[in-house]
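# How does the following fold in three dimensions:
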Amino acid sequence: MTEINFYHLQNHPLEQVLPKLLEKVVRAGFRAVVLSGSKARINALNAAMWTYEPGAFLPHGSAEEGHPGDQPVWLTDTHENPNEASVLVLTDGVACDAYPTYEKCLDL
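All right, here's what the predicted structure looks like:
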């Protein structure tokens, strides 16, 4: 059964919260798929993950970079799991019927 966690972002924007959550996911040895509502949002999240904290490095990628199997975090606006992730992160109110195929689902 998939463990589902809900996060209501009141004090900080997604671009600040998401990288910190994904750091915990990757540190725990999991891979994640981040599902968002649009390509523009994926591009914004991709940029935020490079700049969210000085000196921090969170390996991630999207269709633009390719090589999903090499990415512990995959950013997408389509229902896919090309990096064989066990954690699904939903953003922007996006829903995904495939959530039961993941160990964990984080709904932000």
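# neighbours around Asn5, how many?
The tally of other residues near Asn5 (other Cβ atoms under 10 Å) stands at 12. In short, each C-beta sits where N, CA and C put it, glycine included.
# helix/strand/coil for it?
The three-state label given to Asn5 by DSSP: H, G, I helix; E, B strand; the rest coil is strand.
# can I assume it is in contact with Glu103?
No. Contact between Asn5 and Glu103 fails when scored by Cβ atoms under 8 Å: they sit 11.6 Å apart.
# in stretch 79-89, what's buried?
Taking 16 or more other Cβ atoms under 10 Å as the basis for neighbour counts, the residues of stretch 79-89 that come out buried are 81-83, 85-89.
# contact partners of it?
For stretch 79-89, the external contacting residues (Cβ atoms under 8 Å, 6 or more residues apart in numbering) are 18, 21-22, 25, 30-35, 68-74, 96-99, 101-106, 108.
# Which of those residues are buried? Put it as a ChimeraX command.
The following ChimeraX line selects those of these that are buried, judged by 16+ other Cβ under 10 Å:
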select :18,21,22,25,30,31,32,33,34,35,68,71,72,73,74,96,99,102,104,105,106,108
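# Quick one, grab the pLDDT at the spatially most central residue of the chain.
Central residue check for the chain by Cα atoms, centre = their mean: the C-alpha nearest the mean position is that of Val34, 2.7 Å away. pLDDT, the model's per-residue confidence, is 98 for Val34.
# give me the element it is part of.
In this structure, Val34 is located in strand 32-35 according to DSSP states H and E.
# quick one: contacts for the residue found closest to Ser86 once you drop the neighbours it is linked to in the chain?
Excluding its sequence neighbours, the residue lying closest to Ser86 (Cβ to Cβ, 6 or more residues apart in numbering) is Glu103, at 4.3 Å. The contact partners of Glu103, by Cβ under 8 Å, 6+ apart, come to 2-3, 30, 86-87.
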